[in-house]
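Chemist: the following comprises the amino acid sequence and a computationally predicted model.
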Amino acid sequence: MVHLAVGRYPLNCMALDRISLSRFRNHEATALDGTRQFNLLVGENGAGKTNVLEALSLLSPGRGLRSARLAEMAGNGGPGGFAIGASLIAGDAEDLIRIGTYTEPDRPNRRLVKVNGASTTAASLGEWLAIGWLTPAMERLFTDSAGARRRFLDRMVLAVEPGHASVAARYEHALRERNRLLAEEARPEAEWLEALEAQMARQGAALMQQRASIISAVGAELALLPDEPFARPSLAYDTQVPFGEEALRDALRVGRPRDRAAARSLTGPHRDDLLVTIAGRGVPAAMGSTGEQKALLIAMSLAHAVLAARGRPGLLLLDEVAAHLDPLRRRTLFNRLRTSGAQVWLTGTEIAPFEHIRAEAAIWRVEGGRVERIS
Amino acid sequence: MASQEIDTLASALARLPGLGPRSARRAVLWLVKRRTGALLQLISALETVRDTLVECDICANVDTQNPCGICADPKRDRHSLCVVEDVADLWALDRARLFTGRYHVLGGKLSALEGVRPEDLNIAALIERVSDRDGDNRVDEVVLAMNATLEGQTTAHYIAERLENLPIRLTQLAHGLPVGGELDYLDEGTLAQALRARRPMAG
């Protein structure tokens, strides 16, 4: 084992290497070897840079950074089915773990996973790696709807508490049941509403507890950062309902006439929001400049990535992250990334914005679904 | 290619739960080879069931007698009643032979989204059954054995509300740690439920 120099990563850092993409979107057969802490993919729009990040994101549970359907990901013109593989290396490079995920042509929507040659579930990928990402699509977060921020918040929770998904699904189900009853012409039966509200209160209280604790944990990480030059976000949980199962249940009962008049539930944690302000200035994030908003989002994502990693090897996928940042802030970002210990994958249309890390980064040029190592 | 008749049989079998076209074709071939043995037995068993199958007027169980074997069994505890969603749940519980009382089958679960309302379920009969405080069949305990799904639990809660004012002991199956389960492998929802339902150690 070969192209790995010991000590190129921070101590105790684990990272991915010997990455292969087969028939994945526009990558027919792409191999990335000799990775470093910083890995940069440079190329024109549509070259397939983000496809590499998406492939890496599929080495964690879930649907990857585009939330796309699996069948869409299999390369065109081929027999269907794709494969992504990578080796997880520890500092001494002896301790290799091979992880891979793939689909088969006759079942293009079923994701299969192997770790060291043995089949396992996608969920178990989370035991090996913590992968966080930031894409241009996420940059509208602060000006977007409360629903988008709530989903962002819930994704942050999910990375730390896998059980969040079932709590959220049960809450959502009970909510839809209650909404249906509220919208009916006939006066809904009180006992039925009561039964649904009991379910909503139990799941909703757990949901709120999880949201509040991730906000306070991410907030604590962010509090360690300076206010300059990178705008520092200050997070708050915005909810109209009280904490605790009993209190939430009472609130739902009290809210019944109003909800009945509106024919849907106006009460409950499904209307919560994540409030982000620029620390030190007290300005709402949505009022910040494009660059400031980007800086806030990056800071939140990094703080969350530290939490989510919980000792697991961390991987950060940052798509077009250098755009909109001035040189000083870019340098600050790179320094923070370096000390985070995570393996970082960056994309850009040109190398210039990455001058600060050029010497230490592994750089590939991406063109038409092919990659070429240039540095 | 198979004849029309064999195709008809195969597609009828394919609709059975757990089967499918491939298994159905295999079953047809197997039966065809045993037309004087297993096939005849199957036909006669199906006919018997068709001719004698009834729903129990008391508990809505499915049996060949009415009241069903369980309701008619004098050794069963008449004062203890277990409420289940479907006949399959009744059979599952009774296979274990742990519950010595009688049953009440709701015939489904409440779901506003799927249009299943309280009046579509066997709930009025349940309330009537439990409200009868004078007869020999006075119910002292009602065990709610709904599935641990959202609809199941909503239904259990709804029934509990409706039975609230009756002088009975109302209990529910425990949720949490499965027998033989290891904590390390349980999801957080199950763990939280197990913790919530913890109880004092006996002795």
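Modeler: Structure's in. What do you need?

Chemist: separation between the residue in the stretch 51-200 of chain A that chain B sits nearest to and A:Gly204?
Modeler: Per C-beta to the nearest C-beta, A:Gly163 is where the stretch 51-200 of chain A lies closest to chain B, at 3.0 Å. No exception for glycine: its C-beta is placed from N, CA and C like everyone else's. Going from A:Gly163 to A:Gly204 by C-beta to C-beta, to the nearest Å gives 15 Å.

Chemist: so between these two, which is more surrounded?
Modeler: Set side by side, A:Gly163 and A:Gly204 show more neighbours around A:Gly204, with 29 against 18, by other C-beta atoms under 10 Å in any protein chain shown.

Chemist: could you tell me how many residues sit around B:Leu177?
Modeler: There are 17 residues near B:Leu177, going by other C-beta under 10 Å.

Chemist: swap in the one 4 residues further on?
Modeler: In terms of burial, B:Gly181 registers 12 neighbours under the definition other C-beta under 10 Å.

Chemist: quick one: secondary structure of it?
Modeler: The three-state label given to B:Gly181 by DSSP: H, G, I helix; E, B strand; the rest coil is coil.

Chemist: ok, now which ones touch the closest residue to the residue of the stretch 51-200 of chain A closest to chain B other than its chain neighbours?
Modeler: Using C-beta to C-beta, 6 or more residues apart in numbering or on different chains and skipping the chain neighbours, the partner closest in space to A:Gly163 is B:Glu188 (3.0 Å). Residues near B:Glu188 by C-beta atoms under 8 Å, 6 or more residues apart in numbering or on different chains: A:Glu161, A:Pro162, A:Gly163.

Chemist: what is the lowest-pLDDT residue among these?
Modeler: For the contacts of B:Glu188, the weakest pLDDT value sits at A:Pro162, with 74.

Chemist: my guess is that residue meets A:Ala122, correct?
Modeler: No. In this structure, A:Pro162 is not within contact of A:Ala122 by C-beta atoms under 8 Å, at 11.4 Å.

Chemist: what residues are shared contacts of those two?
Modeler: A:Pro61.

Chemist: for the stretch 251-375 of chain A, what lies in contact range of chain B?
Modeler: By C-beta under 8 Å from any C-beta of the partner chain, no residue of the stretch 251-375 of chain A approaches chain B.

Chemist: could you find the closest non-adjacent residue to A:Ser60?
Modeler: Spatial nearest neighbour of A:Ser60, excluding adjacent residues (C-beta to C-beta, 6+ apart): A:Ile131 at 4.1 Å.

Chemist: hang on, the one you found in a strand?
Modeler: Yes. With three-state DSSP as the criterion, A:Ile131 is part of a strand.

Chemist: show the pLDDT at it.
Modeler: pLDDT at A:Ile131 comes out at 89.

Chemist: pLDDT weak spots in the chain?
Modeler: No chain was given, so I picked chain A. A:1-14, A:76-78, A:90-95, A:311 (pLDDT under 70).

Chemist: my bad, chain B
Modeler: For chain B, residues meeting the criterion pLDDT under 70 lie at B:1-2, B:203.

Chemist: ok, the residue positioned nearest the centre of it - contacts?
Modeler: Residue closest to the mean C-alpha point of chain B, counted by C-alpha atoms, centre = their mean, is B:Asp89 at 2.4 Å. Residues near B:Asp89 by C-beta under 8 Å, 6+ apart: B:Val105, B:Ala145, B:Asn147.

Chemist: looking at those, which one is closest to chain A?
Modeler: Nearest to chain A among the contacts of B:Asp89 is B:Asn147, at 12.9 Å by C-beta to the nearest C-beta.

Chemist: so that closest one lies in a helix, does it not?
Modeler: No. Going by three-state DSSP, the assignment for B:Asn147 is coil, not a helix.

Chemist: does it touch B:Val83 like I think?
Modeler: No. Assessed by C-beta under 8 Å, B:Asn147 is found out of contact with B:Val83, at 11.9 Å.

Chemist: between these two, which one's more packed in?
Modeler: Comparing B:Asn147 with B:Val83 by other C-beta under 10 Å, the one with more neighbours is B:Val83, at 27 against 16.

Chemist: need the contact list for that one.
Modeler: Counting by C-beta under 8 Å, 6+ apart, B:Val83 touches B:Tyr103, B:His104, B:Leu106, B:Leu126, B:Val142, B:Val143, B:Leu144, B:Ala145, B:Met146, B:Ile159.

Chemist: one more: A:Ser119?
Modeler: If you count contacts by C-beta under 8 Å, 6+ apart, then A:Ser119 has A:Leu112, A:Val113 around it.

Chemist: which strand or helix spans it?
Modeler: Per DSSP states H and E: A:Ser119 is located in strand A:118-120.

Chemist: how about B:Ser44?
Modeler: Per DSSP H and E: B:Ser44 is located in helix B:38-52.

Chemist: so what are the sheet partners of whatever helix or strand comes next after that helix and their directions?
Modeler: Counting by DSSP H and E, the next helix or strand C-terminal to helix B:38-52 is strand B:54-55. Here strand B:54-55 has these sheet partners by DSSP bridges: strand B:62-63 (antiparallel).

Chemist: distance of the residue of chain B found nearest chain A from A:Met208?
Modeler: Nearest residue of chain B to chain A: B:Glu188, at 3.0 Å (C-beta to the nearest C-beta). Remark: distance between B:Glu188 and A:Met208 (C-beta to C-beta) = 15 Å.

Chemist: what do you get for A:Leu182?
Modeler: Separation of A:Leu182 from A:Met208 (C-beta to C-beta) stands at 21 Å.
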